[in-house]
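Enquirer: below are the sequence and a predicted model for it; my questions follow.
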Amino acid sequence: MNFKVFFINLENNPQPWLKAQNLFSLLPDEIKNCLERIDAIDTRKDLSVVDNFGLKIDPVGIFYKLYFSQSAGAAGCFLSHYSAWKKIIDEDLDFALIVEDDIVISDLVNYLMTNPDIDESLDFIHLGAREWDGLEAYILSKTGSSKLISFVEDASALKDCDSLGFMKNPSNALNKIKAENPDFSWNKQNSITAPADRFVMHVAETCFNYKFFPCIDLCHLSEKQSSIYNEDSKPYYLKEYMPLMKDINSPSFEYWNKDLTTSLCICTYNNYDLLYKCLLSAANQSAPSDEYEIIILDNTPTEIIAESKKEYDKIHNLSKTIKNCRYINMLTDGLSGARNACIEESKSDLIYFVDDDAIVDSDLIRNMVKKFKNPSIGVVGGKIIPDWQIAERPEWLSDDQLGQLSMADFSERDVFLHEYDKPIWLVGANICFRLQAIKEIGGFGTHLGRKGGTSTLLSGEEGLAVEQVRKKYSALYTPDCVVNHIVDPSRLNQSWFVKRVAWQAVSNALTGDLWMKGAKGIEEILKDNMHCLFTESKNQSEFDLKLKIISIMSFLLLEGEI
């Protein structure tokens, strides 16, 4: 018999897979060699993966629409199982045991060690302890896989299935909602029509030979790890009528069908030559022009504009030729004030900030909109890579210090900030907020950020905004949204970096980011390396050490400790 054990596992949760491998390594060869990992699909980060399977999200009936609307991860769960069904067909397996990574691994091993006989007349054997309340462990035949896939391709044979029929005692609220939303149709093709467990249940009760053998349980952490519901949201079937109606009328309901609009905002201060290049790239987007607008917020004083009239006229005239561009002259309280003015001007779903010295990728808007298909995401930062077209990189500048120039390159895959195992942050040169989310926190703090015409190198305004947004929403870093940040030659001297690091300490103090407080050994580091301050650094390691000393000294000065 051709047989495998498919272990569905998220990439950012490697421990269950390692544990499974360790346990299976102790088993006889005929069992341990059957284990294969399937990369779980995480649609919380990017819903467009559904398109890659040639499918669409099209839940049947009001209750399945509510279920998917409450969980951006539900589609990914379905696709993960769908991938396993496909593999059974592609690898011509007789049967496969499919499990999710939050099962009790020892239950799985104990079951396999009993050397169970599999009734070859069965399409499906449910091993999960919760039966139809989950799909964490089951055996599926090749015939069963073919049936499931055929019902994904054409669900019309499920026409007699009631999307509320699985509930033993539906509440009065659910019955009322169902009565008010009676129409539903299973005439769907190439669609995710129901949650994975309910879909299999409907197919099983329609055309499967199946049985229950509940012997594999979930681990005690599975509920906490689930992306379906969080502590602030009850499952729809536990809600009263009014909260259910509020959900149905909210922006999160059927979020996968929403066409989001974007305001791409470029704040500028007397930087017209580079702004011209930035605007050209912003206007050359693969997204249709009616799906986004460009807002240029120029807070350059009139007298300075007069000194750069030729350059100003060139960029201003270009903006007039771009039908979805608005050029606004307005004096504001620095960069934060300019961004807040953009927030007030925007009427879009998303507000996307890029620096005026950035060249944006042609797919920037299209890729960013995909990230916000998950309604729980409030802010996304993209990749920022240095552009050396007008500057030459000094030998003493290491990759570790590129962040001082507002570069960001943290991962080759999308990552949630709360799930990443290393320090990660979103940078204002390439950052997008859900407009509602940034408005809820009152915009950017004007006590932070750069001030045009001054020597301040204050920062931290976007970092503080991200932290405030994260109290209600998720924050994501993506490498799919790229800008090339033109490096200013005037910054490529060691004294500029020294000032930048010192100002960062001030920014940290103003935002309450006292990460160095209580750190051990910093006095010894100062004592042993003070000499670095009095010479020009000759290489990257010397310069990195100098900036570390500057950072420590600035922190201690601000704390009044030296």
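Expert: Arrived safely. Numbers count the residues shown, from 1 in each chain.

Enquirer: got the residue ranges for the helices in the stretch 301-450 of the chain?
Expert: Secondary structure of the stretch 301-450 of the chain (DSSP state H, counting those that start in this stretch): helices located at 302-307, 309-321, 334-345, 364-371, 435-440.

Enquirer: same question, the stretch 451-562 of the chain
Expert: Using DSSP H, counting those that start in this stretch, helices in the stretch 451-562 of the chain cover 461-469, 494-511, 522-529, 540-558.

Enquirer: tell me the mean pLDDT over the first one?
Expert: What it means is helix 461-469. Helix 461-469 shows an average pLDDT of 89 in the prediction.

Enquirer: now the longest one
Expert: The predicted model gives helix 540-558 an average pLDDT of 80.

Enquirer: on contacts alone, who are the packing partners of that helix?
Expert: Helices and strands touching helix 540-558, by 3 or more Cβ pairs under 8 Å, 6 or more residues apart in numbering; DSSP states H and E, are helix 494-511, helix 522-529. Any C-beta I mention is one placed from the backbone N, CA and C, and that applies to glycine too.

Enquirer: weakest of those helices in terms of mean pLDDT?
Expert: helix 522-529 (a mean of 68).

Enquirer: picking that back up, would you reformat the helices of the stretch 451-562 of the chain as CSV and include mean neighbour count and distance to residue 150?
Expert: Shown next, in CSV, are the helices of the stretch 451-562 of the chain (neighbours: other Cβ atoms under 10 Å; distance: least, Cβ to Cβ, whole Å):
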stretch, mean neighbour count, distance to residue 150
helix 461-469, 22, 44
helix 494-511, 18, 56
helix 522-529, 13, 65
helix 540-558, 18, 60
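
Enquirer: tell me which of these sits nearest to residue 185.
Expert: For those, the distance to residue 185 is smallest for helix 461-469, at 38.6 Å, taking Cβ to Cβ.

Enquirer: how far off helix 334-345 does the closest one point, in degrees?
Expert: Orientation check (axes from the mean of the first three to the mean of the last three Cα atoms, to 10 degrees): helix 461-469 against helix 334-345 gives 50 degrees.

Enquirer: just the CA trace of helix 461-469, in PDB.
Expert: Listed next in PDB are the C-alpha coordinates belonging to helix 461-469 (Å, rounded to 0.1, in the frame of the first residue of the first chain):
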ATOM      1  CA  GLU A 461       7.400  59.300  14.800                       C
ATOM      2  CA  GLU A 462       6.400  56.300  12.600                       C
ATOM      3  CA  GLY A 463       7.700  53.900  15.200                       C
ATOM      4  CA  LEU A 464       5.500  55.400  17.900                       C
ATOM      5  CA  ALA A 465       2.500  55.400  15.500                       C
ATOM      6  CA  VAL A 466       3.100  51.700  14.600                       C
ATOM      7  CA  GLU A 467       3.200  50.700  18.300                       C
ATOM      8  CA  GLN A 468      -0.100  52.600  18.900                       C
ATOM      9  CA  VAL A 469      -1.700  51.000  15.900                       C
END
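
Enquirer: run through who's touching that helix.
Expert: Contact with helix 461-469 is made by 335-336, 339, 353, 378-379, 381, 417, 425-428, 431, 433, 437-438, 440-441, 443-445, 448-449, 475, 511, 513, as judged by Cβ atoms under 8 Å, 6 or more residues apart in numbering.
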